[in-house]
Structures are given as C-alpha cells and as structure tokens.
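S.K.: mind folding the following:
(2 chains)
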Amino acid sequence: SQKIEQNSEALNIQEGKTATLTCNYTNYSPAYLQWYRQDPGRGPVFLLLIRENEKEKRKERLKVTFDTTLKQSLFHITASQPADSATYLCALEDNYQLIWGAGTKLIIKP
Amino acid sequence: NAGVMQNPRHLVRRRGQEARLRCSPMKGHSHVYWYRQLPEEGLKFMVYLQKENIIDESGMPKERFSAEFPKEGPSILRIQQVVRGDSAAYFCASSSAGQGIYEQYFGPGTRLTVT
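M.R.: A predicted model of the protein is given here:
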C-alpha cells in the first residue's frame, strides 16, 4: 500500500543544534516533494520544494535532501531557535496531487 | 497583496444545520483546494477546483458535502445536515497552477464546531 510517514513523536532539540526531520514514502514515485510549517491554530506555510533530479535544496538555515533510491527526504534546520518550534509537514506529488504526511512536531529548547 | 482569505474563522452549528465556508484565493490564483484537519492529525485532501470546475473530489464524502468555485466570488464548501463528526478545522489553499508542482498558499482556516 502507499504510505508517507513522518516521525509521529515530537522531536526535542537544544537551541543552536541542527534539527533533522525525516519523511519516508513507499509505493510512490514523486517528481516533486514539498515541506511546510504549521503553527498551532494556523494554516500551513510553504517552505521548500525539491524536484526528483535535485539532491539538495537550501534556503537560509533550511536544507532539504531528496533521495529517490531510499524514498526519503530529510529536512534540516541549522542553528535552531525556539521560534523554529512548530509542526513540519512533508507533501509529495503523485499524479498531480499532493499527498500529505501527518507532520512532525519540533520543539527547540532554549 | 492579500493572501488566502477564509471566513468565518469560527463557526458553530447545531446538528442538522448547514455550514457554509468561504474561501477567496490569492490574487491571480485560479486553483483552489479544500482540506480538513482534526486535532493532532494531518491534512486530509477533500476537493480541488478551478473556476467553475471540480477537478478532483476524491477526498470528499459523497453525501452532505459539496463545493463550488463560481466564475465570480469565493469558493464555497457546503456541509448539509452537520453531525458532530464534522467538527474540525477546514483549510483552503490556492496555487497559481496545478497541485503537486507548485506550492500552495493556505488560509487561516475555519474551525467548525457542531453542538
């Protein structure tokens, strides 16, 4: 069956360290993968999009990798700050639809 | 440059009433998506519309739920004869082109409570 999985447990990271979130998928062959941030009570906010022929994409302190062999995307936040605390969602393209993971809650402790 | 607008932000309905949720996409966007989210759960796709057309409604319950995006005016998600299980946050998103390839911009959501 088709699945997209993100760590269901909250990830606790010390301020200043690098936070790494994982998105794994099975039985999909996405051409694109996207990452969003969602704060409590708000709609998701787009962060990064990576294409299947791109290994890595960066935006300021954010970095996304996309390994189509491992069927995995990693999302990194370097020099993490308490303001980075939120739920992070990955979404992959499947036949021109977006399929969403359930999200990983990230907590950055000062 | 206004973002995606949704109203109302909070809606309380009694069982059996109708709920009508509105979404105005970002300026220049003609693709609209509706999602539903329960507390502590992920986004569930409901329907994808372009102006005057439903492109994909595979995530929408076949009964009581309907959506439209008229030539003029906002997109409407309508829930008839609401039940307690309809209580959730409903998010609208828009994009400049078809989903998957382009990022989506989300509204603040409508929180529906059915009493």
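S.K.: partners of the helix or strand in which A:Thr87 is found in the sheet?
M.R.: Using DSSP states H and E, A:Thr87 falls within strand A:86-94. In the sheet, strand A:86-94 lines up against strand A:32-38 (antiparallel), strand A:97-100 (antiparallel), strand A:104-109 (antiparallel) (DSSP bridges).
S.K.: who wins for proximity to B:Gly85 among those?
M.R.: strand A:97-100 (20.3 Å; Cβ to Cβ). To be clear about C-beta, it is placed using only N, CA and C from the backbone, and glycine gets the same treatment.
S.K.: quick one: average pLDDT of that closest one?
M.R.: The predicted model gives strand A:97-100 an average pLDDT of 84.
S.K.: what does stretch A:83-91 give?
M.R.: Stretch A:83-91 comes out with an average pLDDT of 96.
S.K.: repeat for stretch B:5-12
M.R.: When pLDDT is averaged along stretch B:5-12, the result is 97.
S.K.: hmm, who's touching it?
M.R.: Applying Cβ atoms under 8 Å, 6 or more residues apart in numbering or on different chains, the contact partners of stretch B:5-12 are B:19, B:21-24, B:74, B:90-92, B:107-115.
S.K.: now restrict the residues you listed to buried residues only.
M.R.: B:19, B:21-24, B:74, B:90-92, B:107-112, B:114 (16 or more other Cβ atoms under 10 Å in any protein chain shown).
S.K.: biggest separation within the residues you listed, which pair?
M.R.: The widest separation within those, taken as Cβ to Cβ, falls between B:Ser24 and B:Val114 and amounts to 24.3 Å.
S.K.: near chain A, which residues of chain B?
M.R.: By Cβ under 8 Å from any Cβ of the partner chain, the part of chain B that sits against chain A consists of B:4, B:33, B:35, B:41-45, B:48, B:56, B:91, B:93, B:98-101, B:103-109.
S.K.: now a PyMOL select for only the buried ones of the residues you listed.
M.R.: Only the buried members of these enter the following PyMOL selection, criterion being 16+ other Cβ under 10 Å:
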select buried, chain B and resi 4+33+35+42+43+45+48+56+91+93+99+100+101+103+104+105+106+107+108+109
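S.K.: narrow the residues of chain B next to chain A to those in strands?
M.R.: Judged by DSSP state E, the subset of the residues of chain B next to chain A located in strands is B:Tyr33, B:Tyr35, B:Leu43, B:Lys44, B:Phe45, B:Tyr48, B:Asp56, B:Phe91, B:Ala93, B:Tyr105, B:Phe106.
S.K.: going by distance to A:Pro44, which of those residues wins?
M.R.: Nearest to A:Pro44 among those is B:Phe106, at 5.1 Å by Cβ to Cβ.
S.K.: pick the most buried one from the strands paired with strand A:86-94.
M.R.: Neighbour counts (mean count of other Cβ atoms under 10 Å in any protein chain shown) averaged over each of the strands paired with strand A:86-94 peak at strand A:32-38, with a mean of 24.
S.K.: please enumerate the strands of chain A.
M.R.: Secondary structure of chain A (DSSP E): strands at A:3-6, A:11-14, A:19-26, A:32-38, A:45-51, A:56-59, A:62-67, A:72-77, A:86-94, A:97-100, A:104-109.
S.K.: rank the ones you listed by pLDDT, which is bottom?
M.R.: Of all those, the segment with the smallest mean pLDDT is strand A:97-100, scoring a mean of 84.
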